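A.B. asks: Return atomic coordinates for the entry below.
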Amino acid sequence: MAGDESKCEKHSASSSNQNPGLGCDIWQPAAKTNFNSHVKTTAANETGTAVVDSSGTLLALKLDSPFKLAAPKDLGARDQGARNGTHLTDIKGLVDYIKTNFATIDTDGNHLIDKLEIEKAITDPKLDSNQALAAAFLYYYRNSLAKDSATLSADGLNALTKPDFEAKAQRTLDKLIKKEQLGPNLFPEQSITPESIIQGAFGDCKFVSTLSAFAAKPDSDEKLRQMIQSNPDGSYTVKFPGDLGHPVKVGALTLGEKMIGSSSSDDAMFVSVLEKAYGQYRNDKRTSLDGALNGIIETGKNALHEGRFSPNSLIKAEAANDGDRDNDAMKLLTGRDSETVSLPKNNPGYNHLLAAIAQPAEVEIANALKNHKAVTLGLNPGDPSLVFATIPGENGAASERKAITVHANHSYSVIGYDHNLVTIYDAHGSLSGKDNEFLPGTNGKFQIRLDQLKYYFSGVSIED
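C.D. replies: All right, here's what the predicted structure looks like:
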């Protein structure tokens, strides 16, 4: 639909004008280290493959039992920042780990890892931190291949350690390790802020941006906390304000689900739980009688636009991807309908004649923001926008004007409005410069004038 926001882009490693990425994550440089190699050894009366660092210290041992490494008792100061035994902090070490354990992930023994095998690993609550980390990374990496039928081979993983790819992969690995610390608190002790909401591996930028825009409303904190009920068995019951008659019960999140899902920078669980519940809600809608036709249409669009025709994923939150094609997220979270206002950028269906006689879009947006309505922005597939914006200074320095890239096929939230300046947030939690380079310290926020929105975006969704 012309002017509608679209699903978060998948950054293909083969693209000539984008950094290679994983799902909705834009890979950027990170510090590189080298510490892993492999030797044959025998320990605890079992034969296995040892992973050691450059000094010969044992880091892990692959025993005969499937997909299981024996963690060392003390990893030393090198890994003090990790939690629950995670020690695969180097991308080369992770690749070696996956290749060593390839057969235990490749459950059908065809020497290829496919989507279903990764889904089984992600949703397995018995996996330890290293196993979950490997599965989560494979999920991200496979998404970067931009084809639902894509499979991964052991030799194909070697591309991750090439100089032009390694630093970007390392940044994603760093993020996954940090997300192991998610929980156990459902909500943060302090008030929820819109910029604490970070998008994960799914292409559900419309849901995540709507959640962030909702969190910018003055009364949102209490409403968000009222949406989720913790159950004694570790599950959660979510009641979305837009459909209170359809409570959604979701199971406790596995470690793999935490790593690939959207999250809170405060390490609270509420974002991950809401995303999983929204995905389950979309699944239920597909299979219900009144939603059957909608499910067929959505699946047809998946086949047309993404080359895939598949049933529901084992990963419940993955169905949140479908939300890019409607405004269900706005209705569910706010309890109100929404209006989409078309803007001309990347929008061949934009009607300049009607726009000339209608109320200017910036007036409608300004009125909504003054009345604390949730507002999101979208840029349709096509050319990205190069925006000269005000961004936060690095390490607390003064704000600065800088050219940034607004990505096509992506959704953004509006989280502030003051004196004709609109504060926009990219739930990736970061921004890219004019050459798609990582801009540190921005936390995904930038400001432009209200009357500039029409030059850089295709549509605006406004809570009624």
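A.B. asks: how about low-confidence regions in the stretch 151-300 of the chain?
C.D. replies: 286-300 (pLDDT under 70).
A.B. asks: Revised request: answer the last question for the stretch 301-450 of the chain.
C.D. replies: Ranges of the stretch 301-450 of the chain meeting pLDDT under 70: 301-312, 323-325, 394-396.
A.B. asks: quick one, strands of it?
C.D. replies: For the stretch 301-450 of the chain, the strands defined by DSSP state E, counting those that start in this stretch occupy 338-342, 375-379, 385-391, 400-406, 410-418, 421-425, 431-433, 438-439, 445-449.
A.B. asks: what's the angle between the longest one and strand 445-449?
C.D. replies: Okay, so that is strand 410-418. Taking axes from the mean of the first three to the mean of the last three CA atoms, to 10 degrees, one finds strand 410-418 and strand 445-449 inclined to each other by 70 degrees.
A.B. asks: Equivalent analysis for the third one, please.
C.D. replies: Using the same axes, to 10 degrees, one finds that strand 385-391 and strand 445-449 are set 100 degrees apart in direction.
A.B. asks: Can I get strand 385-391 as CSV, trimmed to CA atoms?
C.D. replies: Output in CSV follows, covering the C-alpha atoms of strand 385-391 (Å, rounded to 0.1, in the frame of the first residue of the first chain):
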residue,chain,number,x,y,z
SER,A,385,17.9,8.8,2.4
LEU,A,386,20.9,10.9,3.2
VAL,A,387,19.9,13.2,6.0
PHE,A,388,21.8,16.2,7.5
ALA,A,389,20.7,15.8,11.1
THR,A,390,21.7,16.7,14.6
ILE,A,391,23.1,13.8,16.5
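A.B. asks: Not counting it itself, show me its contacts.
C.D. replies: 345, 379, 399-406, 408, 421, 431, 434, 439, 442, 445-448, 452, 455-457 (CB atoms under 8 Å, 6 or more residues apart in numbering). In this view, the C-beta of every residue, glycine as well, is placed from N, C-alpha and C.
A.B. asks: try 7 Å this time
C.D. replies: Residues outside strand 385-391 that contact it (CB atoms under 7 Å, 6 or more residues apart in numbering) are 345, 379, 399-406, 431, 434, 439, 442, 446-448, 456.
A.B. asks: Pull out the buried members of those residues.
C.D. replies: Among the contacts of strand 385-391, those scoring as buried are 345, 379, 402, 404-406, 431, 439, 442, 446-448, 456 (criterion: 16 or more other CB atoms under 10 Å).
A.B. asks: ok, those residues vs D219, which is closest?
C.D. replies: For D219, the closest of these turns out to be Q447, at 23.9 Å, with distances computed as CB to CB.
A.B. asks: For R225, see how far away that closest one is.
C.D. replies: For Q447, the distance to R225 (CB to CB, to the nearest Å) stands at 29 Å.
A.B. asks: and what of A136?
C.D. replies: When distances are taken as CB to CB, A136 and R225 turn out to be 28 Å apart.
A.B. asks: Which one's more surrounded, these two?
C.D. replies: Neighbours per residue (other CB atoms under 10 Å) separate A136 from R225, with A136 holding more: 31 against 12.
A.B. asks: A strand includes the more buried one, no?
C.D. replies: No: note on A136: no strand contains this position according to DSSP: H, G, I helix; E, B strand; the rest coil, which reports helix.
A.B. asks: neighbours of N110, just the number please.
C.D. replies: Around N110 sit 10 other residues, with neighbours defined as other CB under 10 Å.
A.B. asks: going forward can the numbers begin at 401, since that is how I track them
C.D. replies: In the new numbering, first residue 401, that becomes N510.
A.B. asks: Is the most centrally placed residue in the chain part of a helix or strand, or is it coil?
C.D. replies: Nearest to the mean C-alpha position of the chain, by CA atoms, centre = their mean, lies G600 at 1.7 Å. The local conformation at G600, judged by three-state DSSP, is coil.
A.B. asks: Run through the residues that contact it.
C.D. replies: In this structure, G600 makes contact with 660-663, judged by CB under 7 Å, 6+ apart.
A.B. asks: now do L582
C.D. replies: When contacts are counted by CB under 7 Å, 6+ apart, L582 touches 658, 663, 667, 669, 672.
A.B. asks: at 6 Å instead, please
C.D. replies: Counting by CB atoms under 6 Å, 6 or more residues apart in numbering, L582 makes contact with 658, 663, 667.
A.B. asks: Can you say which helix or strand has the last one in it?
C.D. replies: D667 is part of no helix or strand when elements are defined by DSSP states H and E.
A.B. asks: Isn't it up against Q581?
C.D. replies: Yes: counting by CB atoms under 6 Å, Q581 is a contact partner of D667 at 5.4 Å.
A.B. asks: Give me the number of neighbouring residues for G782.
C.D. replies: Taking other CB under 10 Å as the neighbour definition, G782 ends up with a count of 14.
A.B. asks: gap between it and V495?
C.D. replies: Counting by CB to CB, the gap from G782 to V495 is 35 Å.
A.B. asks: Could you do H819 as well?
C.D. replies: 50 Å.
A.B. asks: more crowded one of these two?
C.D. replies: V495 (23 against 6).
A.B. asks: roughly how far apart are S832 and G844?
C.D. replies: 10 Å.
A.B. asks: So these two - more neighbours on which side?
C.D. replies: When S832 is set against G844 and neighbours are counted by other CB under 10 Å, the residue ahead is G844, at 24 against 21.
A.B. asks: Could I get the contacting residues of the more buried one?
C.D. replies: Neighbour list for G844: 825-826, 828-830 [criterion: CB under 6 Å, 6+ apart].
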